[in-house]
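Enquirer: Build me a model from this:
(4 chains)
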Protein chains: 4
Amino acid sequence: MLYFESDYTEGAHPEVLEALVKSNLEHLSGYGNDAYTESARAKIREAVGNPEASVEFLVGGTQTNRVVLSSILEEYEGVIAANSGHVSVHEAGAIESSGHKVITLPHTDGKLSAESVKGCLADFYADDNHDHMVFPGAVYISHPTEYGTLYTRRELEALYSVCREYGIPLYLDGARLAYALACPENDLSLEDIARLTDVFYIGATKCGALCGEAVVFKKAPKHFVTRVKQQGALLAKDRLLGVQLDALFTNGLYYRVGKNAIDTAMRLREILAENGYRFFVESFTNQQFVIVENSLAERLAQGVKYCFIEKYDDSHSVIRFVTSWATEMEDVEALNDIL
Amino acid sequence: MLYFESDYTEGAHPEVLEALVKSNLEHLSGYGNDAYTESARAKIREAVGNPEASVEFLVGGTQTNRVVLSSILEEYEGVIAANSGHVSVHEAGAIESSGHKVITLPHTDGKLSAESVKGCLADFYADDNHDHMVFPGAVYISHPTEYGTLYTRRELEALYSVCREYGIPLYLDGARLAYALACPENDLSLEDIARLTDVFYIGATKCGALCGEAVVFKKAPKHFVTRVKQQGALLAKDRLLGVQLDALFTNGLYYRVGKNAIDTAMRLREILAENGYRFFVESFTNQQFVIVENSLAERLAQGVKYCFIEKYDDSHSVIRFVTSWATEMEDVEALNDIL
Amino acid sequence: MLYFESDYTEGAHPEVLEALVKSNLEHLSGYGNDAYTESARAKIREAVGNPEASVEFLVGGTQTNRVVLSSILEEYEGVIAANSGHVSVHEAGAIESSGHKVITLPHTDGKLSAESVKGCLADFYADDNHDHMVFPGAVYISHPTEYGTLYTRRELEALYSVCREYGIPLYLDGARLAYALACPENDLSLEDIARLTDVFYIGATKCGALCGEAVVFKKAPKHFVTRVKQQGALLAKDRLLGVQLDALFTNGLYYRVGKNAIDTAMRLREILAENGYRFFVESFTNQQFVIVENSLAERLAQGVKYCFIEKYDDSHSVIRFVTSWATEMEDVEALNDIL
Amino acid sequence: MLYFESDYTEGAHPEVLEALVKSNLEHLSGYGNDAYTESARAKIREAVGNPEASVEFLVGGTQTNRVVLSSILEEYEGVIAANSGHVSVHEAGAIESSGHKVITLPHTDGKLSAESVKGCLADFYADDNHDHMVFPGAVYISHPTEYGTLYTRRELEALYSVCREYGIPLYLDGARLAYALACPENDLSLEDIARLTDVFYIGATKCGALCGEAVVFKKAPKHFVTRVKQQGALLAKDRLLGVQLDALFTNGLYYRVGKNAIDTAMRLREILAENGYRFFVESFTNQQFVIVENSLAERLAQGVKYCFIEKYDDSHSVIRFVTSWATEMEDVEALNDIL
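Expert: Sure, this is the predicted structure:
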């Protein structure tokens, strides 16, 4: 069986695991007050080019979205997101559960446009009844998106500019950020993202760690650690996050993690194209989406684990192949025989 | 420096870590659908003597209390707890944040008595105004308690009987359960606890794992995984919990973890007594509380890390020494020279 | 100036006001335990043809939607509504604030179709990932809708049948129910609605009272009064609701309230048609929507108060004229001169 | 039967009712944008001696406490209150339902002392673990208290000074404020209260209106009307509140309402004393609490409606007699024959 189901089917990148093993018996204070956490923070501040940034570690993506958004939204505000966004669809109502509406806008290949966000904000303030409506209090995007697509620097600048104009924060979900950063088509560096958002997170769970996400705030919400604790998101052994993130930002590991995924994904993409597969969306990152006949989908399932995404029409499905730091090129080549 | 500050200052027990290392490159499905998670569930069902029990894994203690309590309480209900309880004091309002009041009762050495709970329930229903008050919807206790003390089987039976009488669930927080189970003074087995509560958790974070708690329900709330996801508590790489809990319930490791802590704690207790220290509470588990003059506390701090608990009076403090699976007996003996 | 802005610009229907005046100095118990409240309940149970129904009084529409929906939804559930629905747009996020997502579907003239709801539910359960999504836990409709349109009995039967099939409650918001009941085109009696929904409310604020809505449950949620109190919706002088609702259900007042509004609205509709106005939607109730040039809208504003609804295109607007129990036919005729 | 059960067993003071009747058919905009609401605001700003104050109208007391507190607390904050406070006991968990803990302190005759609040705040910040606890974010008091007692100006100054020192708002619940203002023992004017709190409310439901409370903020929370709407507390026919509050602040009615209650309460107090009744607390306002043998309580119940408060001991109860604007002196004298 070949495995292209997702980027969280293996444990940690060996260098991350080794860091956990090496530090295991050190006596370290709990709740984020340890040397590894401090070191990871410093390395990330360096990597994002902002010595003033606040760097906080959380366990998983939905948790991070919930904690960050509830921290930056006022109680009468909601968050604007693509209707395909993770917060809109696949978080079991985590944002609403914290009291906030997800205000959805249509997407293009998973992306929100500055025009659409600006239109939403302008319409809201133009509506005489807006005091009876949910105030748009932040904008949520992901990079790469749910469909593996990327914002260009120009697009992000435009979005950020709209957010500046309306005085609301822009939040970028980087669950798979390593796979954007390592992608030749990507023109957004970590520094760019740190500059063009108010808060974003550098995903680790799907990029080489067992768990963990690093949230980077231009300016952290007051008493953030208490908010984290309140939502049940604070680890007693917070070293688990500190050590892993520290390892990921040592010797460029976060970039190397991304590179393997992109190299194998681009070869996979080539193979899919050569085999005449029809792409659902043009993705240059580690997720490749194709439209296949249902009968083909069933046949493929015997030799390769992929992910079913959605029904395309009565006889076709959209399926997804995913690579990661753990994908081996020979498995990609082996896929060639199956397709 | 000697380390007796807490039971979460080291990483994982070597056997737990080894299990993570060994399984690291296996391809496993996410979100709790992997073989290790299934194996851990089966071993725990066996250990608690209830083949019908539902076993669910969460990341940390506060998260577990928040997710479990919000799952078993109706929106008009609160939870009865000792005023010293973790949910009452040290969870940054996690329970209230999920909409529920913590109804506090006085404690004795950290414990709630059946009489006191029964009185609270009887008074509530006798009050003609109770429709304008928070309905007591569950009882929360911890074993060992915040003060390291233990419920006897008779006490737990009495509490459970009151809960049965009023039709509300009894929930036991076992963050340090390994340290109760290994304690000769403890007369409550895992089977007893599983029988005499409606839901409890077997703590792993403080008992040998990097993170993780195993919740054992007699009957799981409907759609529990969705509730977990909604609160940001579901791990993509849930194997992290499954593998660790599986290791802890292999070859009696969970009991061995407890035994080392108790052996060292009992020797520590002996040494404290020999040195004329005054105990704040009589504890037979891995936490030992003593009342010391402030000047002594300061002097001790130069050679040993302990935990300040609370002011006793103007010139005295309550401090705590904690042992764990990682404590070495020679460090306890070394403490003798400092005290 | 003529007033067609809304159906809440006057106080109470004279018979309602008189009932308040007459009962004013009677000593009545608070919190809904008075004879008027009991009488109103009995009359409504009679009117809806269900002696087993639970009838509860709340103050306003948004409050009612929030209290009812949070009472019937589990914490992992959301409510399906038209994207034009009051709960979707004009309640400032009241539903989300209580922790629940509003799952929106496209509408036709403000209405949800059974097909669309069934499709949504079928798709949800067909999605392997649905445990990571918000469970659809109820369906919300309004009758008349936001656009003044009406469900037919056949349509309501179809919706209710889908709800029965999936085991979720159907909730009907009757903020303007009097204006449906008095409408010749309406084929849904109070008895039909009580039979074909699980819970609905009979609006009074917009139908002759100063405030108040009567919620009719087939089976009331447990401890409903406590839920009401918790949300700050319980009146000490609950007689204020009981007396008014009692008056509205005495001598057919609720129907007479509706009749005046419909009679004047139908004449208004005739006049609009005669004057060549273009209708935005075909409404047979007390709200009439027309599309006008912006310059005309401005001119009209000098002689009549209407309600701006939305931009139609760059040069046209949708505006609304509303009648009520208080509208006088001569004002409608006077409007003829202005249009 | 004589009626001394509570101050909400009659409707509105005749002058309030008359104002509703007179204005009934005026066309007024909804949602608080009407002339009566503006007039009431102006009169209250005048009465409290602060032309900059924000005055907002809500429907009932629990609603007001919930909306105000959730507006002034950050999500990681709770409110300090007496353990006898209305928010602590009799609001069905309304505050917790909005996500905030009520941090209770012991009371003296229903009052919080500045020393006790200061001690709580000092202890909190002195605790190294306070990041894991609920931040005290506001102080809640009521005047008169639940026991009818009054803060002195000196006491309120001291409380406000502690709040200033710690930078948290002081909130005063004035559900029965009229009965304090008319009391000779009271030395706190409306101006004093407006100066010595950050926000308070002037109760109307229990002081002559059918419903309604006037919240007075030194500085209103941003988008307060949206917060009100979100919690289901905004009335379409907000005139109902505006007209009533306007009437209560016309010709000194609010003070006259209080005066009748105090005059009758003081005579009642005299009679109770003359008859040898033992007071539970010394109250100079409209609530009088006495400790009676249970058999006496039963006998009294045949001729007079009073309110049972709590069990005093096995053979005694605390009961309460309440006067209001509607109490007639002859009923008080008639009580003399029964006692």
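Enquirer: List, one by one, the residues from the stretch 201-339 of chain A near chain C.
Expert: Within the stretch 201-339 of chain A, the positions lying close to chain C (C-beta under 8 Å from any C-beta of the partner chain) are residue A:308. No exception for glycine: its C-beta is placed from N, CA and C like everyone else's.
Enquirer: In the stretch 201-339 of chain A, which residue sits closest to chain B?
Expert: Per C-beta to the nearest C-beta, residue A:232 is where the stretch 201-339 of chain A lies closest to chain B, at 3.1 Å.
Enquirer: in stretch A:217-229, what's buried?
Expert: Buried positions in stretch A:217-229, judged by neighbour count with 16 or more other C-beta atoms under 10 Å in any protein chain shown: A:217, A:218, A:220, A:221, A:223, A:224, A:225, A:226, A:227, A:228, A:229.
Enquirer: Tell me how many other residues crowd the residue nearest to residue A:8 when sequence neighbours are not counted.
Expert: Excluding the flanking residues, the one nearest residue A:8 by C-beta to C-beta, 6 or more residues apart in numbering or on different chains is residue B:236, at 4.2 Å. Neighbours of residue B:236 under the rule other C-beta atoms under 10 Å in any protein chain shown: 21.
Enquirer: residue contacts, residue B:236?
Expert: Neighbour list for residue B:236: A:6, A:8, A:60, A:61, A:205, A:206, A:211, B:30, B:31 [criterion: C-beta atoms under 8 Å, 6 or more residues apart in numbering or on different chains].
Enquirer: Correct me if wrong, but it is in a strand.
Expert: No. Secondary structure assignment places residue B:236 outside any strand; it is coil (DSSP: H, G, I helix; E, B strand; the rest coil).
Enquirer: Which positions in the stretch 51-200 of chain A make contact with chain C?
Expert: A:75-76, A:78, A:89-93, A:96-97, A:99-102, A:128-129, A:131-134.
Enquirer: Need the CA coordinates for the host helix or strand of residue A:19. CSV is fine.
Expert: Element membership for residue A:19 (DSSP states H and E) is helix A:14-23. Provided in CSV are the C-alpha atoms of helix A:14-23 (Å, rounded to 0.1, in the frame of the first residue of the first chain):
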residue,chain,number,x,y,z
PRO,A,14,13.7,12.3,13.0
GLU,A,15,15.5,15.5,14.0
VAL,A,16,12.5,16.6,16.0
LEU,A,17,12.1,13.2,17.7
GLU,A,18,15.8,13.2,18.5
ALA,A,19,15.5,16.6,20.2
LEU,A,20,12.7,15.2,22.4
VAL,A,21,14.8,12.1,23.2
LYS,A,22,17.9,14.2,24.1
SER,A,23,16.1,16.6,26.3
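Enquirer: Following the chain onward from that helix, which element is next?
Expert: Immediately after helix A:14-23, counting by DSSP H and E, sits helix A:35-47.
Enquirer: Could you export that following helix as PDB, CA atoms only?
Expert: C-alpha atoms of helix A:35-47 as PDB (Å, rounded to 0.1, in the frame of the first residue of the first chain):
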ATOM      1  CA  ALA A  35      14.900  27.200  28.000                       C
ATOM      2  CA  TYR A  36      13.800  25.300  24.900                       C
ATOM      3  CA  THR A  37      10.600  27.400  24.600                       C
ATOM      4  CA  GLU A  38      12.600  30.600  25.000                       C
ATOM      5  CA  SER A  39      15.100  29.400  22.400                       C
ATOM      6  CA  ALA A  40      12.300  28.500  20.000                       C
ATOM      7  CA  ARG A  41      10.700  31.900  20.500                       C
ATOM      8  CA  ALA A  42      14.000  33.600  19.800                       C
ATOM      9  CA  LYS A  43      14.700  31.600  16.600                       C
ATOM     10  CA  ILE A  44      11.200  32.300  15.300                       C
ATOM     11  CA  ARG A  45      11.400  36.000  16.000                       C
ATOM     12  CA  GLU A  46      14.600  35.900  14.100                       C
ATOM     13  CA  ALA A  47      13.100  33.900  11.200                       C
END
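Enquirer: quick one: that helix near chain B?
Expert: No. Residues of helix A:35-47 are not located near chain B by C-beta under 8 Å from any C-beta, the shortest gap being 10.7 Å.
Enquirer: Could I get the buried residue list for that helix?
Expert: Buried residues in helix A:35-47, counting neighbours by 16+ other C-beta under 10 Å, are found at A:36, A:37, A:39, A:40, A:41, A:43, A:44, A:45, A:47.
Enquirer: just stretch A:300-312 next, same as before
Expert: A:300, A:304, A:305, A:306, A:307, A:309, A:312.
Enquirer: hmm, back to that, want to throw the buried residues of helix A:35-47 into a markdown table with pLDDT and distance to chain D?
Expert: What follows is the buried residues of helix A:35-47, written out as a markdown table (pLDDT from 0 to 100; distance: C-beta to the nearest C-beta, whole Å):
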| residue | pLDDT | distance to chain D |
| --- | --- | --- |
| A:36 | 98 | 20 |
| A:37 | 98 | 15 |
| A:39 | 98 | 21 |
| A:40 | 98 | 20 |
| A:41 | 98 | 17 |
| A:43 | 98 | 24 |
| A:44 | 98 | 22 |
| A:45 | 98 | 21 |
| A:47 | 98 | 27 |
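Enquirer: Without its sequence neighbours, what residue ends up closest to the residue of the stretch 201-339 of chain A found nearest chain C?
Expert: Chain C sits closest to residue A:308 of the stretch 201-339 of chain A, with a gap of 6.6 Å, by C-beta to the nearest C-beta. Using C-beta to C-beta, 6+ apart and skipping the chain neighbours, the partner closest in space to residue A:308 is residue A:319 (5.8 Å).
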